[in-house]
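> this one's sequence-less:
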């Protein structure tokens, strides 16, 4: 993770979590814990970034196969109940494999700087209303808010 230092100790972790929890009150969204079959498998979700809702998905390697259903649930909420018009994804310049992101419909917008690091910003626009109804009725992972 490009914004984390090598000295990410317990105190840094506590501060990181506290910072993420403060997003919920002013924005109504922030990172979630991902729980599948009662087990914590990772974290991520949506976070405000310069007027956009930025998506993140960090899974334990044993749970990498769960990424798509978790992503689907995040996007369902973002474009459904939350009514967002788009979401962004920021990838470090070193990230070379982006075809999966592009298959999901994300389009490259350009480079941005965040906390002194450069990223490539991708954007996904909300689908039409007829496309939103297609995902109804599937089993969904449980997302736990802060």
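All right, it came through fine. The model shown is predicted, which means the values in this text are computed figures rather than measured ones.
> Can you report how many residues neighbour residue 46?
25 (other Cβ atoms under 10 Å). (Each C-beta comes from the backbone N, C-alpha and C, glycine too.)
> who does the longest strand seen in the chain touch, helix- and strand-wise?
Scanning the chain for the strand with the most residues, using DSSP state E, yields strand 39-49. Judged by 3 or more Cβ pairs under 8 Å, 6 or more residues apart in numbering; DSSP states H and E, strand 39-49 is in contact with strand 31-36, strand 52-59, helix 67-79, strand 86-92.
> give me that answer again for 10 Å
Under the contact criterion of 3 or more Cβ pairs under 10 Å, 6 or more residues apart in numbering; DSSP states H and E, strand 39-49 touches helix 10-21, helix 24-27, strand 31-36, strand 52-59, helix 67-79, strand 86-92, strand 142-144.
> Mind checking the pLDDT average for the last one?
Spelled out, it's strand 142-144. Computed over strand 142-144, the mean pLDDT rounds to 63.
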